[in-house]
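*Asks:* using only what follows, build the 3D model:
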Amino acid sequence: MVTAYALLEQRFGLGARRFTSIVFMVTRGLADSVRVFATAIPIALIISPTVQNKAFVMPSAILILGALTVLYTYKGGMKAVVWTELLQASIYLIGGISAIVLIGKSYTGGWSAILDVASAAGKLKSIDWYTRYTTLELLDRRSDPDGYGAWLGHPDQADRPFILVLVSFFRDQEKGPQPIMAPFAHIGIEVPSRAEVERIAEMGRSEGCLMWPPTDMPDPIGYICAVTDPDGNVVEISHNQGVYDKAMEVWGNKANAAT
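*Replies:* Numbers count the residues shown, from 1 in each chain. Below is the predicted model of the structure:
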């Protein structure tokens, strides 16, 4: 899905897509006509003294404007298109950055206070969920005109960071939770004891996000449970799956040598 019309077709049917497309093309044509007419007015004022029949002043101005546009496009070629797009993109970017700065300055406490309010309202619930259910900690929060995001990782791995990136786009927020790992792909996290698996499972049961209860599985799976994050993604919690042993086997000597 890449257009608003595709979304309308998905939600309301092909008729809605065709109707809105036709309305857009008609109104766009009318709007362009108004723009051309408005732009031609100064030209008409300039050439009016030289045109005998005043009925031809505005048509002549529109023809002159059209000829200038064709000449500009023909002579400028791709360079003219690129510079025009660059100018427009610069205006959009400067406007977006200015909006972020002004919004932050207009709110007491700036963006930090805005994010704190969003967190209290449940808008950042995924961050809270991962910091409670896993050993990940919040590293940074970021935002731009498209949405906001967060980095989570382990504070004891500053020299070799592995980061979980959470992103929420404003355009998708009305759609609700959007799981991206389905039907079985999941995040796997090893914990040091069976009791930790059971603690997390009980917390998930009480909060309604327990997917698999604690279960002894055949080797090499170990003792596992699974919970779902606020977006519906599956997070497997395991003990004795061999992650710690394998990490020490492969990387342990390197870590000891580094220290």
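*Asks:* so who does Thr135 touch?
*Replies:* Contact analysis of Thr135 by C-beta atoms under 8 Å, 6 or more residues apart in numbering lists His154, Ile189. No exception for glycine: its C-beta is placed from N, CA and C like everyone else's.
*Asks:* any idea how far it lies from Val36?
*Replies:* 63 Å (C-beta to C-beta, to the nearest Å).
*Asks:* doesn't Asp128 belong to a strand?
*Replies:* No - Asp128 sits outside any strand when classified using DSSP: H, G, I helix; E, B strand; the rest coil, being helix.
*Asks:* neighbours of it, just the number please.
*Replies:* 13 (other C-beta atoms under 10 Å).
*Asks:* pLDDT score for it?
*Replies:* Confidence at Asp128, expressed as pLDDT, is 81.
*Asks:* likewise Leu87?
*Replies:* On the pLDDT scale, Leu87 gets 90.
*Asks:* that one and Gly77, how far apart?
*Replies:* With distances taken as C-beta to C-beta, Leu87 is found 16 Å from Gly77.
*Asks:* what's the answer for Ile237, then?
*Replies:* Remark: distance between Ile237 and Gly77 (C-beta to C-beta) = 60 Å.
*Asks:* and these two? Which one has more around it.
*Replies:* In terms of neighbours (other C-beta under 10 Å), Ile237 is the more surrounded of Ile237 and Gly77; the figures are 26 against 10.
*Asks:* next, that one: secondary structure please.
*Replies:* Applying three-state DSSP to Ile237 yields a three-state assignment of strand.
*Asks:* can you map out the helices along the stretch 51-200 of the chain?
*Replies:* Listed in chain order, the helices of the stretch 51-200 of the chain (DSSP state H, counting those that start in this stretch) span 57-106, 110-120, 125-133, 194-206.
*Asks:* list the buried residues of the third one.
*Replies:* With burial defined by 16 or more other C-beta atoms under 10 Å, the residues of helix 125-133 counted as buried are Ser126, Ile127, Trp129, Tyr130, Tyr133.
*Asks:* what's the farthest-apart pair in the residues you listed?
*Replies:* For the buried residues of helix 125-133, the maximum inter-member distance is 11.4 Å, found between Ile127 and Tyr133 (C-beta to C-beta).
*Asks:* list the contacts of Gly204.
*Replies:* Residues in contact with Gly204 (C-beta under 8 Å, 6+ apart) are Tyr133, Leu210, Met211, Cys225, Val227.
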